[in-house]
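J.: here are the coordinates; sequence isn't available:
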């Protein structure tokens, strides 16, 4: 008997794409409408969310269009899981270490943004305008922004892992 492939890996990729791009949109709205200024670690997390959105969206789209949907979904979910874990690590670092320092100039996040010239290419999205301890003071519903992004990264990583398990159990 033939089993139909599970629709969940594709749905998870679509949800990761939408949640990542939505998170980026919310961060930009907070910055430009409510003067929530980003630090280098915030900016780096924006880049991770953008990459997550692109990888997941492309994986979902190619999975719909190509005959080798399983292979595309597998690769996309692996990349999503890795990026989400990297984003989670950045959020934890920002909350536990960077938020305690007066300045986060020349930290890994600041250097990465400068090396990639993200602040020059898209300054309205990737220019850091606050120090890490200043950014730590911004809260949404009582929690710092990096905690919210960390929770989203964790959810995305768990969803990708669950989908990978589902995909690998199919024959």
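T.: All right, it came through fine. A quick note: this is a predicted structure, and the numbers were derived from the prediction, not measured.
J.: For the chain, just list every one of the helices.
T.: Secondary structure of the chain (DSSP state H): helices located at 8-34, 40-65, 69-96, 108-115, 118-121, 123-126, 132-135, 145-169.
J.: wait, doesn't residue 10 sit right on residue 63?
T.: Yes. Counting by C-beta atoms under 8 Å, residue 10 touches residue 63, with 5.3 Å between them. Backbone N, C-alpha and C define where each C-beta goes, glycine included.
J.: Show me where this protein dips below the pLDDT cut-off.
T.: 1-6, 67, 98-99, 102-106, 108-111, 117, 127-133, 135-136, 171 (pLDDT under 70).
J.: Give the residues shared as contacts by residue 10 and residue 63.
T.: 69, 73 (C-beta atoms under 8 Å, 6 or more residues apart in numbering).
J.: Give the burial count for the residue nearest to residue 140 when sequence neighbours are not counted, as a bare number.
T.: Counting by C-beta to C-beta, 6 or more residues apart in numbering, residue 148 is the residue found nearest to residue 140 once chain neighbours are left out, at 6.0 Å. Residues near residue 148, counting by other C-beta atoms under 10 Å, number 17.
J.: my guess is residue 148 contacts residue 139, does it?
T.: No. Judged on C-beta under 8 Å, residue 148 makes no contact with residue 139 at a distance of 9.4 Å.
J.: which residues touch residue 87?
T.: Residues near residue 87 by C-beta under 8 Å, 6+ apart: 45, 48, 49, 52, 149, 150, 153, 156.
J.: in stretch 112-122, what's buried?
T.: Across stretch 112-122, burial judged by 16 or more other C-beta atoms under 10 Å covers 113, 118, 119.
J.: Alright, calling it a day.
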